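> my questions are about this predicted structure, shown below with the sequence.
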Amino acid sequence: MGDLHVHESTVALYREFFTSINNQADVVVLCGDLTNLGLPKEAENLAEDIAACKVPVVAVLGNHDYESGQQDEVKRILKQAKALMLEDEPFEFEGVGFAGVKGFGGGFEPHMLGPFGEKAIKAFVDEVLAESLQLEKQLGILQTGKKVVALHYSPIKETLEGEPKEIWPFLGSTRLVEPIDNLNATVVFHAHAHYGSPQGKTQKGIPVYNCSRFVMEKVTPEQNYMIVEI
Ligand SMILES: [Fe+2]
Ligand SMILES: [Fe+2]
């Protein structure tokens, strides 16, 4: 699940989810925008819900978790609730590896933003390149046959279908797909595109799921998360 957007005032919003998911899944993957404004109180609310979960919870942050400049504190609070933050280190569980980063925008081939001209443009491109490199490093560490990738931003265009085309360059980048295809990930999950589409594939054929809870609510109104057998 992604795009939880927990507010300061929303207490126990995901308690039911984290309690009942124990019977349905072996691992829970959270794809960012865990909080709405990146506030410690929001993280505390979510941490209380995560504490109800008995299976491992792995997560990456989203852009909303950076909004207040307190992303390190948000991470610390979630880690205390035993959430494993994939940005810091990959995770292995029963022969399946999990790697993840937030990702960033930059656009898609053949129209990606290039590092040319103003410093601000170069910094924008550097940000997505750094995220892509970090993902490559993590996937390289994993020794498992199966590798799950968690992102907030999308590595492909297909799962953005439904969002205005004008904002696609801010919803993801082809630069994120390179480590996924080169290092043979098994499956990719992302969120961030609230109005996107649930499913796509990389050029190499690796399945990519947009598990934003807003997309899930549209596809399966009875459940705002996705269950995938690895
Ligand atoms: Fe979001
Ligand atoms: Fe987002």
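Noted; the coordinates are in hand. Ligands and ions are numbered 1, 2, ... in the order given.

> what sits closest to the residue in the chain that ligand 2 sits nearest to if chain neighbours are left out?
At 3.8 Å from ligand 2, residue 192 is the closest residue in the chain, using Cβ to the ion. Where C-beta positions appear, they are placed from N, C-alpha and C, glycine not excepted. Spatial nearest neighbour of residue 192, chain neighbours left out: residue 152 (5.0 Å); criterion: Cβ to Cβ, 6 or more residues apart in numbering.

> rewinding a little: that's a helix at the residue of the chain closest to ligand 2, yeah?
No - assigned with DSSP: H, G, I helix; E, B strand; the rest coil, residue 192 falls outside any helix and is coil.

> from what I see, it and residue 159 are in contact.
No - using Cβ atoms under 8 Å, residue 192 is not in contact with residue 159; the gap is 9.7 Å.

> tell me the secondary structure at residue 189.
Going by three-state DSSP: residue 189 is strand.

> distance of it relative to residue 132?
Distance, residue 189 to residue 132, by Cβ to Cβ, to the nearest Å: 17 Å.

> what of residue 143?
21 Å.

> neighbour count: those two, which is higher?
In terms of neighbours (other Cβ atoms under 10 Å), residue 132 is the more surrounded of residue 143 and residue 132; the figures are 23 against 10.

> for the one helix or strand the more buried one maps to, packing partners?
Per DSSP states H and E, residue 132 falls inside helix 119-141. Contacts defined by 3 or more Cβ pairs under 8 Å, 6 or more residues apart in numbering; DSSP states H and E place helix 119-141 against strand 96-100, strand 146-150, helix 177-182.

> quick check: residue 61 touching residue 71?
Yes - at 5.9 Å, residue 61 and residue 71 qualify as touching, with contact defined as Cβ under 8 Å.

> so for those two, which sits in the more crowded spot?
Set residue 61 next to residue 71 and count neighbours by other Cβ under 10 Å: residue 61 wins out with 26 against 20.

> return the distance of that one relative to residue 32.
Residue 61 is 5 Å from residue 32, by Cβ to Cβ.

> tell me, how many residues neighbour residue 122?
Neighbours of residue 122 under the rule other Cβ under 10 Å: 14.

> dump the residue contacts of it.
115-116 (Cβ atoms under 8 Å, 6 or more residues apart in numbering).

> so which bits of this protein are right by ligand 2?
Residues of the chain found near ligand 2 (Cβ under 5 Å from the ion) are 33, 62-63, 192.

> now, which of those lie close to ligand 1?
Contacts with ligand 1 are made by residue 33 out of the residues of the chain next to ligand 2, judged by Cβ under 5 Å from the ion.

> neighbour count added to the residues of the chain next to ligand 2, as a markdown table?
Below are the residues of the chain next to ligand 2 laid out as a markdown table (neighbours: other Cβ atoms under 10 Å):
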| residue | neighbour count |
| --- | --- |
| 33 | 26 |
| 62 | 29 |
| 63 | 18 |
| 192 | 28 |
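
> the strand or helix carrying residue 18: what's the following helix or strand?
Per DSSP H and E: residue 18 is located in helix 15-20. Per DSSP H and E, the first helix or strand lying C-terminal to helix 15-20 is strand 28-31.

> that next one pairs with which strands?
strand 57-60 (parallel) (DSSP bridges).

> contacts only, for residue 121.
Residues in contact with residue 121 (Cβ under 8 Å, 6+ apart) are 113, 115.
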